[in-house]
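J.: Next one to model:
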Amino acid sequence: MSLDRSLLERHLDLAPLRGRRRGVTHCIFQPRDRKPSLSVDLDRGLFHCFSCGERGGLRRFAELVGERPVAPGIPARATQPADDRERAWREVLRLAQAQDARRAEISPWWLANDLVRIRWNAVRHARRWAQVLGPDHPRTWPLLALAARVETEAAGDVAQLDALLEEGRIA
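T.: Predicted coordinates for the structure are as follows:
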């Protein structure tokens, strides 16, 4: 598919091509292109600016200049209006930001919950080890005393979290 010459003539100065099907002209995508830097190939339907890096085919060129691509034999497909797409994109961004804010809000509570869970697991493991070691082992009773202390602290943390939950400070 070749680039539509009328589309190019409306937006580009094709005089430097001098009737050829490919060549270099001034780039319209940058305001101060002093040297010709936009390469146009009408046969292959491609353009490339060596200065700003824009490149592509008919659809990309039409998109950049704000027109619909028109190519012979190819029906124009129905597209969603740009403002509808932009509105949908803004809604997606708004929802993502709201979700990030919610995560930031409840993240400390997840951490506190994890710490309580780790303490309960430590108590459970200490009691299992005490059973494995038996009542006559010298480490059994200090281990059980430490487990009781950790269990008391964990229960206090759970009570504080429950109080915060009832106050409505966490959901």
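J.: What does the residue located most distally from the centre of the chain show for phi and psi?
T.: In the chain, Asp136 marks the outermost C-alpha relative to the chain mean, sitting 59.1 Å out by CA atoms, centre = their mean. In this entry, Asp136 is assigned phi and psi values of phi -90, psi -10 (degrees, to the nearest 10).
J.: How much space separates it from Leu146?
T.: Spatial separation of Asp136 from Leu146 under the definition CB to CB, to the nearest Å is 18 Å. For every residue, glycine as well, the C-beta is placed using N, CA and C.
J.: Which element is encountered next along the chain beyond the helix ranked longest in the chain?
T.: Across the chain, the helix with the greatest residue count (assigned by DSSP state H) is helix 82-133. Toward the C-terminal end, the helix or strand that comes next after helix 82-133 (DSSP states H and E) is helix 140-167.
J.: Give the buried residues for that following helix.
T.: Neighbour-count burial for helix 140-167 flags Thr140, Leu143, Leu144, Ala147, Val150, Glu151, Ala154, Leu161 (criterion: 16 or more other CB atoms under 10 Å).
J.: residues touching Asp13, list them.
T.: Under the criterion of CB atoms under 8 Å, 6 or more residues apart in numbering, the contact partners of Asp13 comprise Thr25, His26.
J.: is it fair to say it lies in a helix?
T.: No: the assignment for Asp13 (DSSP: H, G, I helix; E, B strand; the rest coil) gives coil, which keeps it out of a helix.
J.: what's the spacing between the closest residue to Arg139 other than its chain neighbours and Phe61?
T.: If the residues on either side of it in the chain are set aside, Arg139 comes closest to Leu133, at 6.2 Å by CB to CB, 6 or more residues apart in numbering. In this structure, Leu133 lies at 79 Å from Phe61, with CB to CB as the measure.
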